[in-house]
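Undergrad: Here's a sequence, model it:
(chains A and B)
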Amino acid sequence: MAQFLLELYSEEIPPLLQINAREEIKKIFEKSIKDEGLTFKSIDVYSTPTRLTLVIDNLPEKIKILSKEIKGPKVGVEENILKSFVSSHNVSKEDIYEKDLDKGKFYFIKTKSKEVFTKDLLIKITPKSLKEVSWRKSMRWSDNNLMWGRPLRSIVSIFNKQPLIFDFEHLKSTDTTISELDLATNSKKIKTYKEYQSFLKSNKILLNHKNREAKILEKIKKICHSKKFRENFDPNLLKEVVNIVENPNVLLINFNKEYLKLPKEIIISTLQKHQRYFPLLDNKDRLSNFFLVVANKSDNKNFIKEGNKRVVEARLADAQFFWEKDKSKNLIKQIAKLKAVTFYDKLGTIYDKTQRLRKLSSLISDEFNINKEKAEIAASISKSDLCSDLVGEYPELQGIMGKHFALSQGFEEDVANSISDHYLPSGLASDVPRKPISYSISIVDKLDSLVGFFLINEKPTSSKDPFALRRSAIGLLRIIIENRLNLKIRDLINYSSTLFIDQGVNQKNENFDNDLLNFLKERMRNILKEKKIQQDIIEASISSHSGDNYLDLFRKSFLMNKYINKDIGKNVIYSYKRASNILNHEKKRNIWKT
Amino acid sequence: MPKKNKKRIKNKKSLSFQEIIMNLQKYWGNYGCVILQPYDLEVGAGTFHPATTLRSLGPKPWKAAYVQPSRRPTDGRYGKNPNRLQHYYQFQVIIKPSPKNIKKIFLKSLSSIGIDIKNNDIRFVEDDWESPTLGAAGLGWEVWCNGMEITQFTYFQQMTGIECKPVSVELTYGLERLCMFVQGKKNVFDLDWNNDGVKYKDVYLQSEKEFSAYNFEFANTKSLLDNFDIAEKECISLLEKKIVLPAYDQCLKASHIFNLLDARGVVGVAERTGYINRIRDLAKGCGSLWLESKD
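TA: Sure, this is the predicted structure:
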């Protein structure tokens, strides 16, 4: 039994591309190996930023291909057609025989059973399989035509301890792998995966991403345990970090405590999103001034620790500069600046939007019986932070910064909270806003977007939803249902549309209101499914629903789902059926009479 | 004995701002790059220098390196921010076709300015680059040194809307950042310019204050708007007359005027796209004419 080792050595491939390539390569080779009739014990793909390595174990050295009968042209065809049939199968004329079929007499040949070397099959399928790897983003380099995630530098290919040489675009495979550590280049002729592994190990490279993850996690846990930090990490960050190092070394670093006075979201974003570091919480769940960096080598001279610390402090100093500057800028005075920020070409600016939101929130405050003045203020300043330097630097903190500005300017807490809450829910798993001011602003914000785009007839299609209106609609419905709000949405839709038209928006869809109500009704399907309501009940309650009260619709299906399989439910259905049958019967009789 | 001691102290002193520039020039000159001087028009980045924008087009090999003062009017902070300037320096390297061992060649250039590659954590972090005004796109990384971005490393895929073939590699060192790292300074204005008493602030602090005021408060928007139209018209007319380099100058002027207008806050978001498209059209015209003129 033999082993196949393939290493694709490149410049640093970004983590997501790398993970994707790993999966692709495994899938493609698995298929092409099987298609050739080859068997194997295991197939694995490992990666570091610069290496994608495939190992297939226990391949046969050769396989037997059985004899096969091949049908040729009809007897009586021109000589040259017959000749090309014969030559294309590499047989001589004497090997041909004739056979009667339903459609007439045909020539046949029988291929000889033969042995094929796995090596020859691999030489054939490897470059073909590599060409099939699809990259979400790929590039060319130098004067080559090959497209790859990042420049592919060399290919190592070994089968059964021997180099397996093939051409792939401008590259020729070899049996020599290299390692480039800092400025030193080492290379080694390889015969087996074991040898390859020990070469990498001696060059401090941990090839298997799963082992890297385990090593990083183990170190992180050890530090957290001894220093009493919470073990609480973003799994996506871990996944990314695992794939940007090959020789992981976890460093515990701190920054000046003074910066803890900044809103904690700024610090977390700085560490996690901008620098890919792990923020640490103390055992009371408060953000600490410590963080973890996964470096790519050991830090013998403390340079790496010092450098990373300085970078974080410089970024936080920047953020502090902006924070001091921004927090004193009155949010109400900032509203006018939103005139420079477009909401959508045909629907005006964000300023126009906040004006509409103010009016809508005034209407909705009557319905929910909340303080009208507060709702109006909250709507007016809901987008004011978009012009701040901090949101310019940290776009992911829109809303959250607004909340902090509002708090530091003495706005009431529920008004301040609504600035960040109104963007919720941010996904299926995200919670909906729960406080009255927050959900009111959130509802009118989402409704305003929906009405606007339906009004100008830029509704989502089955494949395209560039303004994420589906998400807005689902968010809107979830807020209504999960807060048990009795909201008749049609009035709000109509009022919203008049606000757009008053601002001079060009209406393109006369039937926008019914279109939108139907769109919302369709989205209810997703929500009910998510709540595990039986499919037939979903269909029944949606098709029978004609109003604009979605809480009703939800309650109806929810109750039905809860009771339908219980005795009381069965009784109800039995009684209903009976009554319905009697009525139908009576109806028919009446028809006969008249 | 005293002599030896003195030498050691001298060796400990980090490179000055001007030495970093001189070392990079020497390093890339030795590598075979043509050492050019900065382009004499206001540009937002070293990429706008015709030695990069235009020369990265077409089949002819090309290697060049130069310092380019870069102006980003909106980044002005009146000299009060320790990291941000409306005028700063880039060291730009452009090589076509990109050499196979460019990563190593680049790392060696860091050694040449006193960065200890072995004991610092140098990383290549995904960063795909796009310049809407130049109609350009590339794939590559930002190079981090202990978490700080010190260089942009880009393989051009497209320039002025034209596919790059062969592909050039562009290295853009942020000189102030690099120097802050080398000298261990937290404030750009404290950088040692010549290790002989002149600091960065002595050369540029007044300029940062005054230009920030100009960019944000005093630039005459009416005449800027007029000048944009004039530059655009001139560029189009020169393109018609088939003289590409003067036409490209006008394109650069339009681009800088747009950046100033942006800083003055008179470009709405909707208009923004319009302006960017107008500049890109000029750049595209220049790129096509450049290739034509090389046939």
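
Undergrad: drop to CA atoms for contacts and neighbour counts, all remaining ones
TA: Will do.

Undergrad: How about the residues of the stretch 1-150 of chain B by chain A?
TA: The interface of the stretch 1-150 of chain B toward chain A, taken as CA under 8 Å from any CA of the partner chain, is made up of B:81, B:83, B:96-100, B:104, B:107-108, B:117-121, B:124-126, B:139-140, B:145-148.

Undergrad: In ChimeraX, select just the buried ones from the residues you listed.
TA: When burial is assessed using 16 or more other CA atoms under 10 Å in any protein chain shown, the buried subset of the residues of the stretch 1-150 of chain B next to chain A is captured in ChimeraX by this command:
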select /B:81,83,96,97,98,104,107,108,117,118,119,120,121,124,125,126,139,140,145,146,147,148
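
Undergrad: Among the residues of the stretch 1-150 of chain B next to chain A, which lie within strands?
TA: B:K96, B:F124, B:V125, B:E126, B:L139, B:G140, B:C145, B:M148 (DSSP state E).

Undergrad: Just read off the phi/psi values of the closest residue to A:E413 other than its chain neighbours.
TA: When the adjacent residues along the chain are set aside, A:E413 lies closest to A:L407, with 6.7 Å between them (CA to CA, 6 or more residues apart in numbering or on different chains). Note on A:L407: backbone dihedrals following degrees, to the nearest 10 are phi -60, psi -40.

Undergrad: hang on, isn't A:L407 packed against A:A416?
TA: Yes: when contacts are counted by CA atoms under 8 Å, A:L407 is listed as touching A:A416 (5.9 Å).

Undergrad: Counting neighbours around each, name which of those two comes out higher.
TA: Comparing A:L407 with A:A416 by other CA atoms under 10 Å in any protein chain shown, the one with more neighbours is A:A416, at 28 against 17.

Undergrad: ok, now how distant is the more buried one from chain B?
TA: 27 Å (CA to the nearest CA, to the nearest Å).

Undergrad: Mind pulling up the pLDDT for that residue?
TA: In the prediction, the pLDDT value recorded for A:A416 is 96.

Undergrad: now swap in A:G37 and tell me
TA: In the predicted model, A:G37 carries a pLDDT score of 89.

Undergrad: Just confirm it is within a strand.
TA: No: looking at A:G37 with DSSP: H, G, I helix; E, B strand; the rest coil, it is coil, so not inside a strand.

Undergrad: quick one: low-confidence parts of the stretch 1-150 of chain B?
TA: Judged against pLDDT under 70, the low-scoring parts of the stretch 1-150 of chain B cover residues B:1-12.

Undergrad: Strands of that one, residue ranges please.
TA: B:34-35, B:62-71, B:87-96, B:122-126, B:129-131, B:136-145, B:148-159 (DSSP state E, counting those that start in this stretch).

Undergrad: which residues are in contact with stretch A:473-484?
TA: Contact partners of stretch A:473-484, identified using CA atoms under 8 Å, 6 or more residues apart in numbering or on different chains, comprise A:424-426, A:432-434, A:439, A:442-443, A:446-447, A:450, A:486-487, A:520, A:523-524, A:527, A:550-551, A:554.

Undergrad: avg pLDDT for that stretch?
TA: Averaging pLDDT residue by residue across stretch A:473-484 gives 94.

Undergrad: B:T53 contacts B:T47, correct?
TA: Yes: contact criterion CA under 8 Å: B:T53 and B:T47 qualify, at 6.0 Å.

Undergrad: Those two: which has the busier surroundings?
TA: Neighbour count, other CA under 10 Å: between B:T53 and B:T47, B:T47 has more, with 24 against 20.

Undergrad: now check the helix or strand where A:R315 lies, is it near chain B?
TA: Remark: A:R315 resides in helix A:303-327, with elements defined by DSSP states H and E. Yes: residues of helix A:303-327 are located near chain B by CA under 8 Å from any CA, namely A:F303, A:I304, A:K305, A:G307, A:N308, A:R310, A:V311, A:A314, A:D318, A:F321.

Undergrad: A helix includes A:L121, no?
TA: Yes: secondary structure assignment (three-state DSSP) places A:L121 inside a helix.

Undergrad: For the residue lying closest to it once chain neighbours are set aside, grab the count of nearby residues.
TA: If the residues on either side of it in the chain are set aside, A:L121 comes closest to A:E36, at 7.5 Å by CA to CA, 6+ apart. Other residues within reach of A:E36, judged by other CA under 10 Å, total 14.

Undergrad: again with A:E367
TA: 13.

Undergrad: I'd like the distance between it and A:L485.
TA: 10 Å (CA to CA, to the nearest Å).

Undergrad: Just the element for A:Y9, please.
TA: Assignment of secondary structure by DSSP H and E places A:Y9 within strand A:2-10.

Undergrad: about what we covered before: restricted to helices, list the contacts of stretch A:473-484.
TA: With helices identified by DSSP state H, the entries of these that belong to them are A:439, A:442-443, A:446-447, A:450, A:520, A:523-524, A:527, A:550-551, A:554.

Undergrad: Can you narrow those residues down to the ones near chain B?
TA: If you filter the ones in helices among the contacts of stretch A:473-484 for contact with chain B, counting by CA under 8 Å from any CA, you are left with nothing.

Undergrad: Closest one of those to chain B?
TA: A:L450 (20.9 Å; CA to the nearest CA).

Undergrad: how many neighbours does that closest one have?
TA: Counted with other CA under 10 Å, the neighbours of A:L450 add up to 26.

Undergrad: What is the neighbour count of the nearest residue in space to it that is not next to it in sequence?
TA: Closest residue to A:L450 in three dimensions, ignoring its sequence neighbours and counting by CA to CA, 6+ apart: A:L469, at 6.3 Å. Using other CA under 10 Å as the criterion, A:L469 is surrounded by 20 other residues.

Undergrad: Please apply the same query to B:Q18.
TA: Residues lying near B:Q18 (other CA under 10 Å) number 15.

Undergrad: Might one say that it is in contact with B:N194?
TA: Yes: shown here, B:Q18 and B:N194 form a contact pair, counting by CA under 8 Å, at 6.0 Å.

Undergrad: Is it correct that the residue nearest to A:L450 is in contact with A:P460?
TA: Yes: with contacts counted by CA under 8 Å, A:L469 reaches A:P460, the gap being 6.9 Å.

Undergrad: Pull out the buried members of the contacts of stretch A:473-484.
TA: Using 16+ other CA under 10 Å, the buried members of those are A:424-425, A:432-433, A:439, A:442-443, A:446-447, A:450, A:487, A:520, A:523-524, A:527, A:550-551, A:554.

Undergrad: Now tell me what touches stretch A:249-267 from outside.
TA: Taking CA under 8 Å, 6+ apart as the rule, stretch A:249-267 contacts A:216, A:219-220, A:223, A:287-298, A:305, A:308-309, A:312-313, A:316-317, A:319-320, A:323, A:394, A:397, A:400, A:404.

Undergrad: quick one: average pLDDT of it?
TA: With pLDDT averaged residue by residue, stretch A:249-267 scores 96.

Undergrad: can you give me the end-to-end distance of it?
TA: Rule used - CA to CA; the end-to-end distance of stretch A:249-267 is 23 Å.

Undergrad: Name the nearest residue to the residue most central in space within chain B, sequence neighbours excluded.
TA: Taking CA atoms, centre = their mean as the criterion, B:G46 is the residue nearest the geometric centre of chain B, at 2.8 Å. Of all residues not flanking B:G46 in the chain, B:Q68 sits nearest, at 5.2 Å (CA to CA, 6+ apart).
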